[in-house]
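Novice: sequence and predicted structure, then a few things I'm wondering about:
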Amino acid sequence: MSTSTLSKRLHNIKRVVVLGHRDCGVYKEFKVLPDNPTPDEERVAHKRHADRLEELVKRFHSELVVEKFLLSLGSAPAASLKMQRLV
């Protein structure tokens, strides 16, 4: 039995939630996005990577639900979290 199968059984996992976030330093560092990307360019890049992750999850656990979101993180401590569903 694989560790992912065991974890799924022990923790009753039914869903995987993928959370990307805007203004990601890794995307900048690895040149996934151009300098100063538009919001749509950013959304498309995050969706592409989230879709790849979903494919991997489904390859091994096709019954799991995968939800994908792109977060906008406010800079103020009490700023609300804005989530955009990646569909």
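Specialist: Structure received.
Novice: strands of this structure, residue ranges please.
Specialist: 15-21, 65-72, 82-85 (DSSP state E).
Novice: buried sites along the shortest one?
Specialist: Pointing back at strand 82-85 there. For strand 82-85, a neighbour-count test (16 or more other CB atoms under 10 Å) marks residue 84 as buried. Every C-beta, even on glycine, is put in place using the N, C-alpha and C of the backbone.
Novice: repeat that for the longest one.
Specialist: With burial defined by 16+ other CB under 10 Å, the residues of strand 65-72 counted as buried are 66, 68, 69, 70.
Novice: so where's the chain uncertain?
Specialist: Within the chain, the stretches with pLDDT under 70 are 74-79.
Novice: what angle do the longest helix seen in it and strand 65-72 make?
Specialist: Counting residues, the longest helix found in the chain (DSSP state H) is helix 39-60. Interaxial angle, helix 39-60 versus strand 65-72 (axes from the mean of the first three to the mean of the last three CA atoms, to 10 degrees): 160 degrees.
Novice: of all the strands of the chain, which lies closest to residue 9?
Specialist: strand 15-21 (14.8 Å; CB to CB).
Novice: can you list the buried residues in that closest one?
Specialist: Of all the residues in strand 15-21, those buried under the rule 16+ other CB under 10 Å are 16, 18, 20, 21.
Novice: neighbours around residue 27, how many?
Specialist: 18 (other CB atoms under 10 Å).
Novice: burial measure for the nearest residue to it once chain neighbours are set aside, as a count.
Specialist: Of all residues not flanking residue 27 in the chain, residue 33 sits nearest, at 4.9 Å (CB to CB, 6 or more residues apart in numbering). Under the neighbour criterion other CB under 10 Å, residue 33 is assigned a count of 17.
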